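Chemist: sequence isn't available, so here's the structure alone:
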């Protein structure tokens, strides 16, 4: 993409009412736009990041047999009354249609997915399976001051699994746990993210959160550095020991909940009568798990944890582009422009649409400042100076290290 | 994908309250599920079709410089009051949040995109550009009896273009016209779809619809077979001549509006004060166009127009899978199972995840009936008989023609 053709620009300042660091940086960098508290647009740069995050999650969930679908946001009141959550869930947006029928705007999809799978599920032979979606959720959050970490409208990956018995659920629960570890590794958050023991509600001793450590977090966790797991506030108040090693040494940290996994067991299959026939023909309640992971929250978390004083710093796997190709004085120097175009085409031929070409008629200082703010991993500069040396100047956004490399050697940055 | 692992199944009958042919077939085939009138889930098969349709549209819009983004559904009342549509648009769902602030659930995004681009647009040098999204729209339709042809919640591709003057808008309008022709060709609807002259409202003589001819359509169009364009009911009542050749010979047909393009001019830039500075530094109103195309409606249209008495018939470009590999007696015959697995792996190696493998323990008749209902373009049968002949039996779903081909010759079906 040629940067001169982007309709967005970086901004000197975020809107005054934006108090979160993630949204401020993402707005200034041209990744998102704020429509109202907790409601943001994803601009072309931000949309690319969101899709890269989604694709990593999708690839890993497909590997463990997840079946992707898409369920609606407009959800009949009757479904929510069945579980009692029409009245008990305070984040529920409610909307009435022409005929006076009431709907919830889906904040989650247990009330929809359970009767949906009930249309197909008869026998133990149909089990187990899991389904997931990337879908826009609506939650009437009282406070929406954390940018895209806690939106009123946001993109969520929600997965639901269905099993004949608790042992089978436990097996799959562990598979998803391991998959989440892989996903957060690929997203660049692996080292900062801890599986965290949380309350399991009335159906299970524990549920688990995946918490990413950062001072910007709304949560507090207690890390057992021996086990590389954590417990949340509720658990530490109850038991004060690590559920894995029974150790009592914890490191307290602020954190963001980037994912969670629950053993739902029969919590939702019971009210909807979701049953199957076992080998003897007896009717049994289906055992369920659910697994959340929010791509937009992950994007905000990455913005928070990796940014430095100059702006955003994207891990290469989720960066909007891998390379930021910058020409200096290209509009007045044909040799520079031609070399820049040649490099642009060469990289695109090799690895596709992974290079943003700053062909704007601006000073080196302005272009470098924009590039730092946008946080693309590898900045390539082409100028009269680099032409003379017949080399490309490559700067690593994260380390700040600058290298002069040949076009051939640029390939070491390809993956 | 192995069919035995799908959580969905075909159904003998659609729900009794489903009166549309497209939704009945899609429900019976396991592509969609009905949550309530006008609100459907896209199951794994249907989700794949939807994504293929989206990708064709995306590829063509990217070619003409469209910049993809994602705008929110929760839209402040104030934006809609600015254009007067808070009160005038009867399909608007309205929802109130905790603090009593009212929002529309976006049925379209002019009220959002105009102030959004205003954050970045200053000079004539910033023009022209176009942005688009695939986004879930909400419209409180009084009647929702046409399945996924007219949903209360549905996926829409909406594109908006911004220009310095009307000539530039006209140029781009023609580019999108040509792009839509290409898109409908690739979607398999080319021969049945007519650019149709419609009312332009107060800002333009005409707008244009893309109408696909089918008896299931809610619209009526009048086709000029000389020009391969049509005019809609409103236009024929006004002028009774073809806007291209001035001919008066029309063929009346029922049709579905699968796309539309409008010259908005200053209809939305005026109320939001969207202006730019021209070469002389004078402030001028931005000239706009907008361009709709609904992937879910396209999916319903394809279902309507190509289905035969045995079920759905997908054009290869949008089919959930290109091949339906069916083993007969594979669970009792190891040779059949091994050959089926070998073929499954070979096709996947060549063209990726494009084969649905029916490994279920069912009769040939049941498998063939399901395959016809699901409408996958090429059915490959592996049985004791085909093993003996060392050939694969390939049936073309559309023509019904059956061929015996070698594994090598199967490649002619790859694209």
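Modeler: Sure thing, it's come through. Just so you know, these numbers come straight off a predicted model, no measurement behind them.

Chemist: please make it C-alpha for all contacts and neighbour counts, starting now.
Modeler: Will do.

Chemist: quick one, strands of the stretch 201-350 of chain A?
Modeler: Counting by DSSP state E, counting those that start in this stretch, one finds strands in the stretch 201-350 of chain A at the ranges A:206-213, A:219-224, A:229-232, A:251-265, A:275-277, A:283-285, A:287-293, A:323-327.

Chemist: will you turn these into TSV that also has distance to chain B?
Modeler: Shown next, in TSV, are the strands of the stretch 201-350 of chain A (distance: least, CA to the nearest CA, whole Å):
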stretch	distance to chain B
strand A:206-213	26
strand A:219-224	23
strand A:229-232	28
strand A:251-265	19
strand A:275-277	13
strand A:283-285	17
strand A:287-293	14
strand A:323-327	18
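
Chemist: residue B:335: which of those strands is closest?
Modeler: strand A:275-277 (32.2 Å; CA to CA).

Chemist: what's in contact with that closest one?
Modeler: A:118, A:121, A:122, A:123, A:124, A:164, A:269, A:282, A:283, A:284, A:285, A:286 (CA atoms under 8 Å, 6 or more residues apart in numbering or on different chains).

Chemist: list buried residues within those residues.
Modeler: Neighbour counting with 16 or more other CA atoms under 10 Å in any protein chain shown marks A:118, A:121, A:122, A:123, A:124, A:164, A:269, A:284, A:285, A:286 as buried within the contacts of strand A:275-277.

Chemist: what does the second one show for phi and psi?
Modeler: Right, the one you point to is residue A:121. With angles defined as degrees, to the nearest 10, residue A:121 sits at phi -90, psi 120.

Chemist: which residues does the closest residue in space to it that isn't next to it in sequence form beta bridges with?
Modeler: In this structure, residue A:121 finds its nearest non-sequential neighbour in residue A:276, 6.7 Å apart by CA to CA, 6 or more residues apart in numbering or on different chains. Listed by DSSP bridges, the beta-bridge partners for residue A:276 are residue A:284.

Chemist: per-residue confidence at residue A:276?
Modeler: Residue A:276 carries a pLDDT score of 98 in this model.

Chemist: from residue A:265, how far out is it?
Modeler: 14 Å (CA to CA, to the nearest Å).

Chemist: one step back: which one among the contacts of strand A:275-277 gets closest to chain B?
Modeler: When those are compared for distance to chain B (CA to the nearest CA), residue A:121 wins out at 7.5 Å.

Chemist: need the pLDDT of the closest one.
Modeler: 97.

Chemist: for residue A:234, same thing?
Modeler: At residue A:234, the model reports a pLDDT of 92.

Chemist: returning to that earlier point: go through the strands of the stretch 201-350 of chain A and name the closest to residue A:148.
Modeler: For the strands of the stretch 201-350 of chain A, proximity to residue A:148 was assessed by CA to CA; strand A:251-265 is nearest, at 11.7 Å.

Chemist: ok and that closest one relative to strand A:206-213, angle-wise?
Modeler: 140 degrees (axes from the mean of the first three to the mean of the last three CA atoms, to 10 degrees).

Chemist: strand A:287-293 and strand A:251-265, what's the angle between them?
Modeler: Going by the same axes, to 10 degrees, strand A:251-265 makes 140 degrees with strand A:287-293.

Chemist: quick one: buried residues of strand A:251-265?
Modeler: A:252-265.

Chemist: again, but for stretch A:16-27
Modeler: In stretch A:16-27, counting by 16+ other CA under 10 Å, buried: A:18, A:20, A:21, A:22, A:23, A:24, A:25, A:26, A:27.

Chemist: just the mean pLDDT for stretch A:311-320, thanks.
Modeler: So the average pLDDT for stretch A:311-320 ends up being 98.

Chemist: and that stretch, how far apart are its ends?
Modeler: End-to-end distance for stretch A:311-320: 14 Å, by CA to CA.

Chemist: just stretch A:108-122 next, same as before
Modeler: Terminal residues of stretch A:108-122 lie 25 Å apart, using CA to CA.

Chemist: likewise for stretch A:273-291?
Modeler: Stretch A:273-291: ends 21 Å apart by CA to CA.

Chemist: ok, residue A:221 touching residue A:253?
Modeler: Yes. Using CA atoms under 8 Å, residue A:221 is in contact with residue A:253, at 5.5 Å.

Chemist: may I have the predicted confidence score for the residue in the stretch 151-300 of chain A that chain B sits nearest to?
Modeler: Taking CA to the nearest CA as the measure, the stretch 151-300 of chain A has residue A:153 as its residue closest to chain B, at 7.2 Å. Note on residue A:153: pLDDT of 97.
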